[in-house]
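> Sequence and computational prediction follow.
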Amino acid sequence: MSNFTKQLIYIILTLFTLVAGYAYLRYAYKVTDSTPFTQEIVLIILGTLATIFITALLLNKQSAVEIEKEQSIKFLDLKAKTYERLLDILEEMSLLSSFSNTEITKLQFITHRLAIFSSPDVLEEYNAFLKTLKELSKDANLSDDMPELSEAIGKLTIRIRYDLLNESYVQKEYTRTQIDKLIVNNSDKLSSLKLK
């Protein structure tokens with residue numbers, strides 16, 4: 001049963017209890033004018049039932065919020081680890097005197113992870129980074145191209161930072177089609193980056 005259904009049931013039960021209690025109280029007051037003790041007992045029972053239903057409703061909502069919070073924390077952790085792994089691979093590639101298809105393959109797998117976790121802003125900047133990397137890696141060596149590579153990594157890192165802080169770098173809306181196109185472009189660029 002979904003949380004919404006449970007909450008709806010609790011609300012309906014609470015309202016039913018209150019309405020039935022009110023109707024019973026009206027009846028009880030007329031019948032038992034001479035015995036106020038009975039009226040007080042009925043009030044206590046109705047108050048207790050209403051409190052139980054309201055407490056159950058609030059506890060259910062609190063549990064749902066806690067689960068959502070936990071999922072958000074885990075997702076942010078996975079996203080941060082993916083970004084760290086990307087930066088580690090880029091660092092390894094820049095330190096090598098020449099890199100091979102193995103490093104390109106590592107980047108391809110990170111690209112697929114980015115497609116799962118990254119915001120559209122990061123995907124767009126990663127696309128630009130891959131263009132730069134393709135231009136710089138024609139000789140399978142990045143050591144001579146460090147200024148251009150550092151600038152491209154810097155721009156990518158800024159977008160990653162904004163994504164991790166859940167802020168928008170650019171006030172730009174993306175459609176699903178645009179996001180899909182960014183992901184496909186990133187994969188295509190890496191495929192064309194394979195060394196001969």
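Structure received. Everything numeric here is computed off the predicted structure, so don't read it as measured data.
> Report the buried residues of the helix or strand encompassing Gln7.
Element membership of Gln7, judged by DSSP states H and E, is helix 3-31. Within helix 3-31, the residues that count as buried by 16 or more other CB atoms under 10 Å are 7, 10, 13-14, 17, 21, 28. For every residue, glycine as well, the C-beta is placed using N, CA and C.
> mind listing what Lys181 touches?
Applying CB atoms under 8 Å, 6 or more residues apart in numbering to Lys181 gives no contacts.
> Please save the CA atoms from stretch 60-74 in CSV.
Extracted C-alpha coordinates of stretch 60-74, given in CSV (Å, rounded to 0.1, in the frame of the first residue of the first chain):
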residue,chain,number,x,y,z
ASN,A,60,4.0,7.7,8.5
LYS,A,61,4.9,11.1,6.9
GLN,A,62,8.0,11.3,9.0
SER,A,63,9.2,7.8,7.9
ALA,A,64,8.6,8.8,4.2
VAL,A,65,10.7,11.9,4.6
GLU,A,66,13.5,10.1,6.4
ILE,A,67,13.6,7.4,3.6
GLU,A,68,13.7,10.1,0.9
LYS,A,69,16.5,12.0,2.8
GLU,A,70,18.5,8.7,3.1
GLN,A,71,18.1,8.1,-0.7
SER,A,72,19.3,11.6,-1.5
ILE,A,73,22.4,11.2,0.6
LYS,A,74,23.3,7.9,-1.0
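> what's the closest of the buried residues of helix 3-31 to Glu103?
Closest approach between those and Glu103, by CB to CB: Gln7, at 51.8 Å.
> ok so, going back, just put the buried residues of helix 3-31 in a markdown table and tack on pLDDT and distance to Ala128.
Supplementary listing: the buried residues of helix 3-31 in a markdown table, determined by pLDDT from 0 to 100; distance: CB to CB, whole Å:
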| residue | pLDDT | distance to Ala128 |
| --- | --- | --- |
| Gln7 | 78 | 46 |
| Tyr10 | 78 | 51 |
| Leu13 | 83 | 57 |
| Thr14 | 80 | 56 |
| Thr17 | 81 | 61 |
| Gly21 | 75 | 66 |
| Ala28 | 69 | 76 |
